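A.B. asks: Got a sequence here, can you model it:
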Amino acid sequence: MSCILFFDGACRGNPGPMAIGVVLMKNGKKLGELSKRLGIGTNNIAEWNALIEGLKLAIAHGCKELEVRGDSQLVIRQIKGQYKVKSDNLIPLFNEAKKLCGSFEKIDFKWINREENARTDTLSNNALLKIREK
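C.D. replies: Presented below is the predicted three-dimensional model:
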């Protein structure tokens, strides 16, 4: 059975403070999750960083087959090669993600609706709330 990675990025303002949420599952059990603040940037930068950190988490947990699920239609289509990455600030993130994808024997990407990605949305928003509390 393969691992399943859920990822989400969030941003308050665009640009504004960014955060990510990641959940890694295998056989219906949670292997790990991340809720992390980032610097200032755009929502797309946050989404790409969430994907990258999620891929790193899956590698750290020894996942060989991975299904990646995210609610960013843009990122999913870009990583699958359906859309070209044109923004100069996103190209290095795309390249890093593609390089990490090479660590898996099999990797698939699937767009899901926001409701199916609720846990990662909560994790990323909780990290943003921590920004405001300080």
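
A.B. asks: Now do the helix or strand hosting residue 66: which elements does it pack against?
C.D. replies: Taking DSSP states H and E as the definition, residue 66 sits inside strand 65-70. Contacts defined by 3 or more CB pairs under 8 Å, 6 or more residues apart in numbering; DSSP states H and E place strand 65-70 against strand 3-11, helix 43-60, helix 73-79, strand 106-111. Glycine gets a C-beta too; all of them are placed from N, C-alpha and C.

A.B. asks: now the angle between strand 65-70 and the last one, please.
C.D. replies: In terms of direction (axes from the mean of the first three to the mean of the last three CA atoms, to 10 degrees), strand 106-111 departs from strand 65-70 by 20 degrees.

A.B. asks: Now the strand holding residue 66: buried residues?
C.D. replies: 66, 67, 68, 69, 70 (16 or more other CB atoms under 10 Å).

A.B. asks: ok, what's across the strand from the third one?
C.D. replies: What it means is residue 68. According to DSSP bridges, the residues that bridge with residue 68 are residue 5, residue 109.

A.B. asks: residues in contact with the residue nearest to residue 117 when sequence neighbours are not counted?
C.D. replies: Closest residue in space to residue 117, ignoring its immediate chain neighbours: residue 71 at 4.4 Å, by CB to CB, 6 or more residues apart in numbering. For residue 71, the residues meeting the contact criterion (CB atoms under 8 Å, 6 or more residues apart in numbering) are 8, 111, 112, 113, 114, 116, 117, 121.
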